[in-house]
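> give me coordinates for this.
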Amino acid sequence: MEFAVDIPIEAPVIEKAESLIEALSYIQRFNEKIVVVKLGGSFMDSDEEFRKVLTDVVFMQAVGMRPIVVHGGGKAITEAMKKAGLQAQFVMGRRYTDERTLAIAEHVLCNEINRFIVDTINILGGKAMPLHSLTSTALFAEKMYLTTDDSEGSERKIDIGNVGQVTWVNSPLLKALAEADFIPVIAPIARDSAGSKLNVNADTAAGFVAAACKADKMVLVSDTHGIRARKDDANSLMRSVTKSQIQDLIARKEIGEGMLPKVESCIIALDGGVKKAHIIDGRFPHSLLLEIYSDNGVGTEILLG
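Sure thing, here's the model as predicted:
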């Protein structure tokens, strides 16, 4: 005997079910796996867009992932400096950080951005743990100098203030928090061996965090769709690229200053044992979930090769 089934179900409802089934294999694959998510870019200027990205992070944890968040805040720091009557100075693309600049950066990163992320994650049902120079520090660094050649061809060091290069990440602390179902939220203010504070590049910090924790993935959520084969051609987005291809793009100057710290971060992570890195646009709704839990993704994946 045959039974006729005539249940009026709209197509969008079926599509939602199909999306969930598509996500199932990824949810199973990444269960209890650490994923480092670096947040930075213009989407952070909008509380609404920022909350959408953080909702994705909470979803990741709810379905079994162990996300670790690293965030930046360069634009907010520049705005705070303007209000304080200070002009941001850059040396070879790096922000010069004197004591006043460091104090402003610490306040913005730790007391404003980090607190917003932690509070929002907790409101959304997650459990976030703030990690920065005013709580427990996860990043340790040494003072960084830039180098250039003088007129005689000799190498010369350039002092850029209280800026550091990450030397050690407290991965045991991060792993313990993740295993206890906390989401560590790291602001890029590190300490050196003497306990002094240093401002570190958030992209670079994320790469070191991912490498130290042996993360399965690292995702850089920014305001760019990903890596382009031709930097001025929006239609040349590369869905998948290898380390060697990136090095070729850098040599041909198709990867410019804005993208360079991001790809360098990805290479740090991949060289440290991370399986795959991603660069995605946080302004695209739920780009983080789509990149991780769907077959097609929305940005660029970077592989070691």
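
> show me the contact partners of whatever helix or strand Lys157 lives in.
Assessed by DSSP states H and E, Lys157 sits inside strand 155-169. Defining contact as C-beta atoms under 8 Å, 6 or more residues apart in numbering, one finds that strand 155-169 is touched by 91-92, 94-99, 101-102, 138-150, 190, 192, 196-200, 204-205, 208-209, 211-213. Quick note: C-beta positions are derived from backbone N, CA and C, even for glycine.

> tell me which of those fall in strands.
Among these, the ones falling in strands (DSSP state E) are 91, 94-95, 139-149, 190, 197-199.

> just to revisit the earlier point, buried stuff in the strand holding Lys157?
For strand 155-169, the neighbour count (16 or more other C-beta atoms under 10 Å) marks Ile160, Gly161, Asn162, Val163, Gly164, Gln165, Val166, Val169 as buried.

> rewinding a little: give me the buried subset of the contacts of strand 155-169.
The buried subset of those - by 16+ other C-beta under 10 Å - is 94-95, 97, 101-102, 138-141, 144, 190, 197-200, 204-205, 208-209, 211-213.

> where do the helices sit along the stretch 101-250 of the chain?
For the stretch 101-250 of the chain, the helices defined by DSSP state H, counting those that start in this stretch occupy 115-123, 171-179, 202-212, 243-251.

> can you tell me what sits against the second one?
For helix 171-179, the external contacting residues (C-beta under 8 Å, 6+ apart) are 34, 66-68, 129, 131, 136, 138, 183-184, 209, 212-213.

> with adjacent residues omitted, what lies nearest to the residue most central in space within the chain?
The chain has Lys38 as the residue nearest its centroid, 1.3 Å off, counting by C-alpha atoms, centre = their mean. Nearest residue to Lys38, sequence neighbours excluded (C-beta to C-beta, 6 or more residues apart in numbering): Ala206, at 3.7 Å.

> right, and the one you found touches Val219 too?
No. With contact defined as C-beta atoms under 8 Å, Ala206 does not reach Val219; the gap is 9.1 Å.

> okay, the two: which has more neighbours?
Ala206 (34 against 29; other C-beta atoms under 10 Å).

> that one: what's it in contact with?
Val36, Lys38, Val70, Met218, Leu220, Ser265, Ala269 are the contacts of Ala206 under C-beta under 8 Å, 6+ apart.

> again with Ile27
Applying C-beta under 8 Å, 6+ apart to Ile27 gives the contacts Val63, Gly64, Tyr293.

> the biggest helix by length in the chain: how far from the chain's middle?
Counting by DSSP state H, the longest helix found in the chain is helix 11-29. Helix 11-29 has its C-alpha centroid displaced from the chain centroid by 26 Å (C-alpha atoms, centre = their mean, to the nearest Å).

> packing partners for the next helix or strand after that helix?
Scanning forward in sequence from helix 11-29 by DSSP H and E, the next helix or strand is strand 34-39. Contacts defined by 3 or more C-beta pairs under 8 Å, 6 or more residues apart in numbering; DSSP states H and E place strand 34-39 against helix 47-62, strand 66-71, helix 202-212, strand 217-222.

> dump those to a markdown table, plus mean pLDDT.
Output for those, formatted as a markdown table (pLDDT from 0 to 100):
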| stretch | mean pLDDT |
| --- | --- |
| helix 47-62 | 95 |
| strand 66-71 | 98 |
| helix 202-212 | 97 |
| strand 217-222 | 96 |
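
> format these as CSV; extra columns: distance to Ala178.
Output for those, formatted as CSV (distance: least, C-beta to C-beta, whole Å):
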stretch, distance to Ala178
helix 47-62, 9
strand 66-71, 4
helix 202-212, 11
strand 217-222, 14
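
> look up how far Leu290 lies from the closest residue to Asp281 other than its chain neighbours.
Residue nearest to Asp281 in three dimensions, not counting chain neighbours: His225, with 4.8 Å by C-beta to C-beta, 6+ apart. Shown here: His225 relative to Leu290, a distance of 12 Å by C-beta to C-beta, to the nearest Å.
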